[in-house]
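J.: sequence-free structure coming up:
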């Protein structure tokens with residue numbers, strides 16, 4: 001390193017980001033210390049300042065470091081800090097910051113702010129941001145953001161939110177292309193109207209009502225919503241809807257002409273919502289169905305009978321199909337195969353995953369498995385997952401023996417998990 005020119009030393013050391021490494025480099029030599037103002041990124045870990053002495057504080061230490069840096073582009077702070085400290089840092093580095101990630105930890109039991117101004121309000125000083133990630137957020141009042149017109153990526157993880165506050169926060173970010181809200185509580189009804197949004201991942205606690213109006217949306221993942229309405233879907237390629245704690249009652253989508261992958265999961269879906277999704281996703285290539293029951297409100301019902309031929313004729317481009325016990329059972333009813341004829345085929349299906357949870361209707365289930373092998377001429381792999389099958393009757397053993405024989409006859413394609 002001593003033989004390298006100053007510019008090259010500065011370039012190498014500017015790649016450092018961990019604050020602990022930066023502090024160590026300052027002690028190596030004056031030349032190294034003089035190179036540190038050219039750092040572009042800084043990361044302060046969670047426990048970095050646990051053993052401070054001499055009355056120093058994380059706020060003061062971070063402020064001193066930031067004062068020594070010419071143009072900081074990325075700041076990540078996981079250690080505890082105050083709103084006054086954050087305001088001080090962003091008054092120094094805010095105009096040059098492009099990426100900001102903060103562990104706020106400001107959620108309280110009584111939903112009150114202990115610091116004025118709030119940490120959320122302080123972030124407005126970093127008006128040039130392109131990416132903002134926040135952890136442990138209390139957003140019950142609209143943040144005083146003037147507008148982040150360059151912000152493309154917003155991620156909020158572990159948050160307590162109010163509808164109006166989130167709506168105003170999203171409105172202050174008009175050019176978002178990527179939005180992630182994970183582990184968010186308190187929302188009842190939210191509308192997202194960011195026109196440039198491409199990728200959206202939403203994970204809510206409870207049964208939220210959701211409306212999205214984003215014309216460029218390509219990928220959408222939703223967890224924890226009861227009523228879902230997405231107005232513009234002409235570019236939507238990947239769609240995942242789940243509700244592991246509640247019920248999906250209604251879905252309303254535009255035409256899903258570009259949809260390639262559909263993933264629906266949950267304990268209970270209204271059958272109208274399931275059948276509507278399947279009708280709209282006629283061009284889908286990958287389909288995952290892991291819904292346990294249908295029914296209204298507290299009444300849990302099995303899936304109604306699904307015609308095997310109609311199902312696959314309605315999804316001619318299907319290449320990968322993963323079906324949990326309920327939809328598999330629906331395809332295995334007495335009359336599910338009544339419309340099969342010699343001209344029927346499943347032209348594109350290559351990969352099937354079947355989860356079997358019950359030995360009931362074993363004969364029909366074996367017939368359905370054989371039909372998949374027979375009519376899916378392009379099938380390359382079938383995985384049969386035996387999951388929590390419980391029965392005091394010998395039928396469970398007989399059924400499993402039949403599956404083993406089926407696997408033996410089709411060993412190049414079929415496997416048992």
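T.: Yep, that arrived. Nothing here was measured: the structure is a model prediction, and the numbers come from that model. Numbers count the residues shown, from 1 in each chain.
J.: pull out the buried positions in stretch 57-71.
T.: By neighbour count on 16 or more other C-beta atoms under 10 Å, the buried set for stretch 57-71 is 58-59, 61-63, 65-66, 69. Heads up, the C-betas are built off the backbone N, CA and C, glycines and all.
J.: tell me the one of those nearest residue 121?
T.: Residue 121 has its nearest neighbour among the buried residues of stretch 57-71 in residue 59, at 16.8 Å by C-beta to C-beta.
J.: please enumerate the helices of the protein.
T.: 6-13, 19-26, 30-35, 58-67, 83-93, 119-122, 163-171, 271-280, 308-313, 325-330, 362-375, 395-409 (DSSP state H).
J.: so what secondary structure elements neighbour the last one?
T.: Okay, so that is helix 395-409. Counting contacts by 3 or more C-beta pairs under 8 Å, 6 or more residues apart in numbering; DSSP states H and E, helix 395-409 packs against helix 362-375, strand 381-386, strand 414-416.
J.: average pLDDT for that helix, rounded please.
T.: The pLDDT scores in helix 395-409 average 91.
J.: check the first one too.
T.: Summarised as a single mean, pLDDT over helix 6-13 is 83.
J.: quick one, that helix and helix 19-26 angle?
T.: 150 degrees (axes from the mean of the first three to the mean of the last three C-alpha atoms, to 10 degrees).
J.: same check on the last one?
T.: Angle of helix 395-409 versus helix 19-26, following the same axes, to 10 degrees, is 50 degrees.
J.: on that earlier part again, between the helices and strands packed on helix 395-409, which one is closest to residue 173.
T.: Nearest to residue 173, of all those, is strand 381-386, at 41.9 Å by C-beta to C-beta.
J.: for that closest one, packing partners?
T.: Other elements packing on strand 381-386 under the criterion 3+ C-beta pairs under 8 Å, 6+ apart are strand 351-356, helix 362-375, helix 395-409, strand 414-416.
J.: run through the stretch 101-250 of the chain and note the low-pLDDT ranges.
T.: 108-116 (pLDDT under 70).
J.: closest to residue 75 among the buried residues of stretch 57-71?
T.: Set against residue 75, the nearest of these by C-beta to C-beta is residue 66 (8.0 Å).
J.: how far away is residue 388 from residue 357?
T.: 6 Å (C-beta to C-beta, to the nearest Å).
J.: ok, the two, which is more surrounded?
T.: residue 357 (17 against 9; other C-beta atoms under 10 Å).
J.: any figure for the gap between that one and residue 396?
T.: Distance of residue 357 to residue 396, given as C-beta to C-beta: 11 Å.
J.: shared neighbours of these two, anything?
T.: residue 389 (C-beta atoms under 8 Å, 6 or more residues apart in numbering).
J.: so what does the residue nearest to residue 330 when sequence neighbours are not counted look like in phi/psi?
T.: The shortest distance from residue 330 to any non-neighbouring residue, by C-beta to C-beta, 6 or more residues apart in numbering, is to residue 303 (3.7 Å). Main-chain torsions, residue 303, degrees, to the nearest 10: phi -70, psi 150.
J.: residue 303 contacts residue 295, correct?
T.: No. Applying C-beta atoms under 8 Å, one finds residue 303 not in contact with residue 295, separated by 10.0 Å.
J.: can you pull the residues that touch both of these two?
T.: Common contact partners of residue 303 and residue 295 (C-beta under 8 Å, 6+ apart): residue 271.
J.: can you pick out the residue with more neighbours from the two?
T.: residue 303 (22 against 14).
J.: so the more buried one versus residue 71, what's the distance?
T.: Residue 303 is 59 Å from residue 71, by C-beta to C-beta.
J.: can you check residue 402 too?
T.: Separation of residue 402 from residue 71 (C-beta to C-beta) stands at 69 Å.
J.: report the central residue of the chain.
T.: Centroid-nearest residue in the chain, with C-alpha atoms, centre = their mean: residue 201, separated by 4.4 Å.
J.: show me what contacts that one?
T.: By C-beta under 8 Å, 6+ apart, residue 201 lies in contact with 179-182, 220-221.
J.: switch the cut-off to 10 Å
T.: 155, 178-182, 219-223, 240 (C-beta atoms under 10 Å, 6 or more residues apart in numbering).
J.: need those residues in CSV (columns: neighbour count).
T.: Shown next, in CSV, are the contacts of residue 201 (neighbours: other C-beta atoms under 10 Å):
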residue, neighbour count
155, 16
178, 17
179, 22
180, 16
181, 23
182, 16
219, 17
220, 23
221, 17
222, 22
223, 22
240, 16
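J.: residue 248: neighbouring residues, count only.
T.: When neighbours are defined as other C-beta under 10 Å, residue 248 has 26 of them.
J.: residue 222 pairs with what?
T.: Legend: beta-bridge partners of residue 222 under DSSP bridges are residue 202, residue 241.
J.: hmm, it is touching residue 209, no?
T.: No. Residue 222 is not in contact with residue 209 according to C-beta atoms under 10 Å; the separation is 11.7 Å.
J.: spit out the residues that contact these two alike.
T.: In contact with both residue 222 and residue 209: residue 228, using C-beta under 10 Å, 6+ apart.
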